[in-house]
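S.K.: structure here, sequence nowhere to be found:
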């Protein structure tokens, strides 16, 4: 029998499971943060786009009104 008759240092299965669960939790938290940032950016872009579309609509309405006024002035 050898003097160095001991088992190699292998982590216990339970501690390995805990490590894996911690890694999964960290990855999930990172993905949740990314989703939050992306959703915030999407909401911001949608708001800007809606505002710009409304401005374009208002500009179009003003242009049509000016054209009507010009036609009315030409008829006088």
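M.R.: All right, it came through fine. Everything numeric in this text was worked out from a predicted model, so none of it was measured.
S.K.: quick check: mean pLDDT across the helix or strand containing residue 53?
M.R.: Element membership of residue 53 [criterion: DSSP states H and E] is helix 13-75. Confidence for helix 13-75, expressed as mean pLDDT, is 96.
S.K.: now that helix, how far from the centre of its chain.
M.R.: 9 Å (C-alpha atoms, centre = their mean, to the nearest Å).
S.K.: which helices and strands does that helix pack with?
M.R.: Using 3 or more C-beta pairs under 8 Å, 6 or more residues apart in numbering; DSSP states H and E as the contact test, no helix or strand touches helix 13-75. Heads up, the C-betas are built off the backbone N, CA and C, glycines and all.
S.K.: what residue lies at the spatial centre of the protein?
M.R.: Ranked by distance to the mean C-alpha position of the chain (C-alpha atoms, centre = their mean), the top residue is residue 38 at 1.0 Å.
S.K.: quick one: it and residue 46, what's the gap?
M.R.: 12 Å (C-beta to C-beta, to the nearest Å).
S.K.: and for residue 39?
M.R.: In terms of C-beta to C-beta, residue 39 sits 10 Å off from residue 46.
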